[in-house]
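Asker: The sequence and its predicted three-dimensional model are supplied below.
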Amino acid sequence: MDNEKIVFAAMGKFFATIIMLIAATFFIIGCEKSPTQPEPFQSDSDWVDLGLPSGLLWATHNVGATSPEDYGDYFAWGETAPKSVYDMSTYRYGIESGYTGNIFTKYCSVSYYGYNSFTDNLTILQPGDDAATANYGGRTPTYDEWHELIDHTTAQWTTQNDVNGCRFTSSNGNSIFLPAVGYIDGTDSISVRYFATYWSSSLDTDIPMHAWRLYFDNGNRQYLDGGSRSEGSAVRAVRQN
């Protein structure tokens, strides 16, 4: 009997140890933090329903901004952080070249512009390269989505709290204000307060050194234009309703 007691006691300690290890494992796993992901703004004050055919909601302010009038941050196309110099020497997916001046290592549809004739036929920013996704939630609007905004709203150059910009008002009475942020070339801010450029997520597939961006100015013009990917422009986010 004494031997049986010793065996049962040993088995009890063994199983108790196993249970404790399992419990500790679940505790550690439960306490581990998942990688930080940007949380989309969910309150009504952070997104506007303009009644667009696509059902998209538009953010009330720029990525990096704290109010509709705040310029926010500037980004090179395909980059997710602001910086001090916006040119090919600092561009994430570019290499300076005396031959073409622009050699790209990602998002290139024409071999002439690709490093060692590189092409990948990526034409829309991937989530990891999208400043809106990384810093605000939602994503950067495409070329077609910017056109939808222009085509289904009334745009008017205006001033809001002493900041110049353009207000896009929809037929449902809702509107968004985009400040006239200009853009940054190198270290120079160009024509801030008199016009603005806002990135789309769409590559200019004919000239992949450019990506499409919204342009508007104090002459009350609004259209999509190609801009150098290495320049710094503002970003406004969208998301599905």
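Answerer: Structure received. Numbers count the residues shown, from 1 in each chain.
Asker: use CA for all of it now, contacts and neighbours both
Answerer: OK.
Asker: so where's the protein uncertain?
Answerer: 1-44, 98-101 (pLDDT under 70).
Asker: where do the helices sit along it?
Answerer: Using DSSP state H, the helices of the chain run over 2-31, 131-135, 143-151.
Asker: how far is the last one from where the chain is centred?
Answerer: The gap between the average C-alpha position of helix 143-151 and the chain average comes to 17 Å, counting by CA atoms, centre = their mean, to the nearest Å.
Asker: Pull that helix out as CSV, backbone CA atoms only.
Answerer: Output of helix 143-151 as CSV, limited to C-alpha atoms (Å, rounded to 0.1, in the frame of the first residue of the first chain):
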residue,chain,number,x,y,z
TYR,A,143,-8.8,57.8,-59.4
ASP,A,144,-12.4,56.9,-60.1
GLU,A,145,-13.5,57.7,-56.5
TRP,A,146,-12.1,61.2,-56.7
HIS,A,147,-13.9,61.6,-60.0
GLU,A,148,-17.1,60.4,-58.3
LEU,A,149,-16.7,63.1,-55.7
ILE,A,150,-16.2,65.8,-58.3
ASP,A,151,-19.1,64.5,-60.5
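Asker: which helices and strands does it pack with?
Answerer: Secondary-structure packing of helix 143-151 (3 or more CA pairs under 8 Å, 6 or more residues apart in numbering; DSSP states H and E): strand 195-203, strand 210-217, strand 222-228.
Asker: Need the winner for burial among the ones you listed.
Answerer: strand 195-203 (a mean of 27; mean count of other CA atoms under 10 Å).
Asker: Can you work out which other helices and strands pack against that strand?
Answerer: Using 3+ CA pairs under 8 Å, 6+ apart, strand 195-203 is in contact with helix 143-151, strand 210-217.
Asker: And the contacts of the first one?
Answerer: Spelled out, it's helix 143-151. 52, 168, 200, 201, 202, 212, 213, 214, 222, 223, 224 (CA atoms under 8 Å, 6 or more residues apart in numbering).
Asker: So what sits opposite the nearest residue to the last one once chain neighbours are set aside in the bridge?
Answerer: Pointing back at residue 224 there. Setting aside the residues directly before and after it, residue 224 is nearest to residue 214 in space (CA to CA, 6 or more residues apart in numbering), at 4.6 Å. Beta bridges link residue 214 to residue 198, residue 224, judged by DSSP bridges.
Asker: nearest to residue 46, of the contacts of helix 143-151?
Answerer: Nearest to residue 46 out of the contacts of helix 143-151 is residue 168 (CA to CA; 16.0 Å).
Asker: and the closest one, how far is that from residue 146?
Answerer: For residue 168, the distance to residue 146 (CA to CA, to the nearest Å) stands at 11 Å.
Asker: With residue 180 instead?
Answerer: Residue 180 sits 16 Å away from residue 146, going by CA to CA.
Asker: So for these two, which sits in the more crowded spot?
Answerer: residue 180 (29 against 20; other CA atoms under 10 Å).
Asker: which residues sit in contact with the more buried one?
Answerer: Residue 180 neighbours (CA under 8 Å, 6+ apart): 71, 163-166, 192-197, 216-217.
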